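In: please find the sequence and the predicted model below.
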Amino acid sequence: MMIPRSIKSTRGLKCFNTQAIKYLSLNSTTTSYPKSHKVEKYITPSFINNEFFKSKSTTWYDIHDPATNEVISEVPQSTAEELDEAIESAHKAFDEWKNVSIIRRQGIAFKFVELLKANWDRLAAMIVLEQGKTFPDAKGDVLRGLQVAEASCNITNDMMGSVLEVATDMETKMIREPLGVVASICPFNFPAMVPLWSIPLILVTGNTAVIKPSERVPGAAMIICELLKEAGVPAGVLNIVHGKHDTVNKLIEDPRIKALTFVGGDKAGKYIYEKGTALGKRVQSNMGAKNHLIVLPDADKKQFINAVNGAAFGAAGQRCMAISVLVTVGKTKEWVKEIVEDAKKLRVGSGFDESSDLGPLVNPSSLAKAEEIIEDSIKQGAEVLLDGRNPSLEAPYDKGNFLFPTVINGVKPGMRCYDEEIFAPVLSIVNVDTFDEAISLVNSNRYGNGVALFTTSGNQSQKFVKNIACGQVGVNVPIPVPLPMFSFTGNKGSFLGDLNFYGKAGITFLTQPKTITTLWRTDEFEYVTPSTSMPVQH
Ligand code: NAD
């Protein structure tokens, strides 16, 4: 496909500007995409009714490369008119799209999967540039979304209803129908995976979509959108708007939007859930986390140390399933020294540099918050065994938001580094004497996204699985995120809603059941007095 270098609106809508603009996110190709931090500044387009265009907004936010803090792009606060256009476009497209055969929708999903694979590196490069991840980690970000897109190709089975002859010649069948327009509000830390958690399933189930990517990292979502258009998604079915609170408020309040799917922090998640459900909408809200890893003295030490460092420091700790708390039981507190030695070997730097193990934090305020919490942990009596603050890096990375792996020991509930989600490469270590104490510590935490146990004992593992109050549990697996044949099942303070993301729960969230009962008699109808009472035969 020819990638448009400048795009002219053909819709003639008032809000569209027809001037030629450079869109780097779309100008890149499967073979030609950024491979370094030196890029020409680009503008992030919006997408309504199958057209990319430059917003007419007068409010634009800078997008910084987190490795250098250079401004690389601008993203608009979509205007009120554009937001309305996007919702109306999705609303109008719904009637036709819901009646498009499921085989055709499935065909588009297959084509989309092919395109995602072909554009894998291109998407990863955009993530490195805007979000800061290392290139291999960014490829993993795309893969986890790609797997949801692949699972969406099974929609012909997943949408299957049920039918039963409930009385002679009388059948009841249950089918699942789409809801209408679904809005998806995404966070910064998985620029491809999180939009892909929702978009493929919204579309194959026959819903239409209005997506709001994170204003910090919209580039990957724009490429995904281009690929869906190329895969054959008709005009209006998918729309992308941008911005902050004003955009989110419009998506919550507009009656044409029937469901909201949100991933992000606690404050926004609670707000969207409470306001959305009060307006009668379906809402699923994945929020913050504090994931513990418990290590027992019988664990395989090498396997454990390798796993804990990868899970705590990968993606610079900016994963909702990152291990941020290590709970050492009994003598395993003596292993902390080796964790620190191993963590020191991790290389921090540009995501484009093949030797980097982790990149920068997303912005200066995330870095400042992490540094402040580390400082507070010292004041509150913990011991910083490895201090990643003030790293020395050469220009231009000396201006980036880098924090090297940090290990804090002697942590207790009540300290900021334990109570707050830091979202940085900071591992807090709590020492306890017994396994029971460890389980009760985890169960008292307000979050319930993920937890892991390292042990070689089947009995202890069984006890853990049965008693731990977290939604995603790993045994010798540090980041137990289920593949999309299951669902993402965070609980307690990490999730609000009844139906989780993707898998069977995801399809149920995006559809509503309808039952149809029919009577087609096979015998001749003989007149009897109409019955006015409820049936008594069973
Ligand atoms: P965030 O809450 O700041 O932003 C998420 C989205 O909500 C963005 O699109 C943003 O524009 C919007 N938003 C932010 N504040 C808002 C407000 N007050 N009102 C309305 N909308 C608002 O989150 P983030 O910093 O982009 O992402 C990091 C957070 O996401 C972490 O807390 C992390 O744990 C969480 N997260 C959770 C999961 C999960 O599955 N549980 C997955 C990824 C990220």
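Out: Right, received. Where do you want to start? Residues are numbered from 1 along each chain as shown.
In: what about Thr205, how many neighbours?
Out: Thr205 has 25 neighbouring residues, counting by other Cβ atoms under 10 Å. For every residue, glycine as well, the C-beta is placed using N, CA and C.
In: give me the phi and psi for whichever residue of the stretch 151-300 of the chain sits closest to the ligand.
Out: Closest to the ligand within the stretch 151-300 of the chain is Gly264: 2.6 Å, counting by Cβ to the nearest ligand atom. Taking degrees, to the nearest 10, you get phi 170, psi -150 for the backbone angles of Gly264.
In: now Ile108
Out: Torsion angles, degrees, to the nearest 10, at Ile108: phi -60, psi -40.
In: what's the answer for Phe52, then?
Out: Per degrees, to the nearest 10, the backbone of Phe52 is at phi -90, psi 140.
In: count of neighbours near it?
Out: Neighbours around Phe52, by other Cβ under 10 Å: 21.
In: and stretch 479-499, anywhere near the ligand?
Out: Yes - using Cβ under 6 Å from any ligand atom, stretch 479-499 reaches the ligand at 488, 490, 494.
In: any idea of the pLDDT on the last one?
Out: Among the per-residue scores, Ser494 shows a pLDDT of 98.
In: same deal with the one 10 residues further on?
Out: Per-residue confidence at Lys504 stands at 96 (pLDDT).
In: so it versus Asn157, what's the distance?
Out: According to Cβ to Cβ, to the nearest Å, Lys504 and Asn157 sit 11 Å apart.
In: give me the distance between the lowest-mean-pLDDT helix or strand in the chain and the centre of its chain.
Out: Least confident element among the helices and strands of the chain, by mean pLDDT, DSSP states H and E: helix 24-27 (a mean of 78). Put simply, helix 24-27 sits 23 Å off its chain's centre (Cα atoms, centre = their mean, to the nearest Å).
In: tell me the phi and psi of Arg282?
Out: phi -80, psi 130.
In: against Tyr502, how distant is it?
Out: Arg282 is 15 Å from Tyr502, by Cβ to Cβ.
In: the more surrounded of the two?
Out: Tyr502 (25 against 18).
In: show the contacting residues for the more buried one.
Out: 148, 151, 197, 201, 484, 487-488 (Cβ atoms under 8 Å, 6 or more residues apart in numbering).
In: out of the residues you listed, who's the most crowded?
Out: Leu201 (29 neighbours).
In: need the contact list for it.
Out: Contacts of Leu201 by Cβ under 8 Å, 6+ apart are 148, 152, 502, 506-507, 510.
In: using the three-state scheme, assign it.
Out: Classification of Leu201 using DSSP: H, G, I helix; E, B strand; the rest coil returns helix.
In: how far away is it from Leu510?
Out: Taking Cβ to Cβ, one finds Leu201 at 6 Å from Leu510.
In: and the protein, which residues reach the ligand?
Out: 185-190, 212, 214-215, 244-245, 248, 263-265, 267-268, 271, 286-289, 320, 421, 423, 449, 488, 490, 494.
In: still on that earlier bit, packing partners for the helix or strand following the least confident helix or strand of the chain?
Out: Per DSSP states H and E, the first helix or strand lying C-terminal to helix 24-27 is strand 42-43. Secondary structure elements in contact with strand 42-43, counted by 3 or more Cβ pairs under 8 Å, 6 or more residues apart in numbering; DSSP states H and E, are helix 24-27, strand 71-76.
In: so what does Glu171 look like in phi/psi?
Out: Dihedral angles (degrees, to the nearest 10) for Glu171: phi -120, psi 140.
In: how about the one 5 residues further on?
Out: Comment: the main-chain dihedrals of Arg176 come out as phi -110, psi 130, following degrees, to the nearest 10.
In: can I assume it is in contact with Lys504?
Out: No - Arg176 lies out of contact with Lys504 (Cβ atoms under 8 Å); the separation is 11.1 Å.
In: which neighbours do these two share?
Out: By Cβ under 8 Å, 6+ apart, no residue touches both Arg176 and Lys504.
In: identify each buried residue in stretch 95-106, please.
Out: Judged by neighbour count using 16 or more other Cβ atoms under 10 Å, the buried positions of stretch 95-106 are 97-98, 105-106.
In: from those, which single one is nearest the ligand?
Out: Of these, the one sitting nearest to the ligand (Cβ to the nearest ligand atom) turns out to be Trp97, at 24.7 Å.
In: show me what contacts the closest one?
Out: 206-208, 234, 236-237.
In: can you tell me the element Val248 falls in?
Out: Judged by DSSP H and E, Val248 forms part of helix 245-253.
In: packing partners of that helix?
Out: Checked by 3+ Cβ pairs under 8 Å, 6+ apart, helix 245-253 has helix 80-97, strand 181-185, strand 208-212, strand 257-263, helix 266-278 packed alongside it.
In: doesn't Gln284 lie inside a strand?
Out: Yes - according to three-state DSSP, Gln284 belongs to a strand.
In: distance to Lys229 added to the contacts of Leu201, as JSON lines?
Out: As requested, the contacts of Leu201 are exported to JSON lines (distance: Cβ to Cβ, whole Å):
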{"residue": "Val148", "distance to Lys229": "19"}
{"residue": "Ser152", "distance to Lys229": "17"}
{"residue": "Tyr502", "distance to Lys229": "23"}
{"residue": "Gly506", "distance to Lys229": "23"}
{"residue": "Ile507", "distance to Lys229": "24"}
{"residue": "Leu510", "distance to Lys229": "21"}
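In: tell me the one of the residues you listed nearest the ligand?
Out: Distances from the ligand to these, taken by Cβ to the nearest ligand atom, are shortest for Tyr502, at 10.8 Å.
In: now the closest one: how far from Gly236?
Out: 24 Å.
In: related to what we said a few turns ago, give me the subset of the contacts of Leu201 lying in helices.
Out: Secondary structure from DSSP state H places 148, 152, 506-507, 510 of the contacts of Leu201 in helices.
In: if we can go back for a sec, ok, the contacts of Tyr502 vs Val336, which is closest?
Out: For the contacts of Tyr502, the minimum distance to Val336 (Cβ to Cβ) is 31.0 Å, reached by Phe488.
In: which non-adjacent residue is nearest the closest one?
Out: Leaving aside its sequence neighbours, Phe488 sits nearest to Phe501 (Cβ to Cβ, 6 or more residues apart in numbering; 4.4 Å).
In: so the one you found makes contact with Cys320?
Out: No - in this structure, Phe501 is not within contact of Cys320 by Cβ under 8 Å, at 11.4 Å.
In: list the residues that contact both of those two?
Out: Common neighbours of Phe501 and Cys320 (Cβ under 8 Å, 6+ apart) are 263, 286.
In: between those two, who's got more neighbours?
Out: Cys320 (26 against 23).
In: I'd like to know how many residues surround Lys331.
Out: So Lys331, with other Cβ under 10 Å, has 8 neighbours.
In: which residue, neighbours along the chain excluded, lies closest to it?
Out: Per Cβ to Cβ, 6+ apart, closest to Lys331 is Pro297, 5.3 Å.
In: ok, now how distant is that neighbour from Ala192?
Out: From Pro297 to Ala192 the distance is 40 Å (Cβ to Cβ).
In: same check, this time on Ala368
Out: 27 Å.
In: do Gln77 as well
Out: 23 Å.
In: same thing with Val340?
Out: Val340 is 33 Å from Ala192, by Cβ to Cβ.
In: okay, these two: which has more neighbours?
Out: More crowded of Val340 and Ala192, by other Cβ under 10 Å: Ala192, with 31 against 17.
In: residues contacting that one?
Out: Counting by Cβ under 8 Å, 6+ apart, Ala192 has contacts 123, 127, 138, 141-142, 145, 220-221, 224.
In: among those, which are in helices?
Out: Short answer: the contacts of Ala192 in helices (DSSP H) are 123, 127, 138, 141-142, 145, 220-221, 224.
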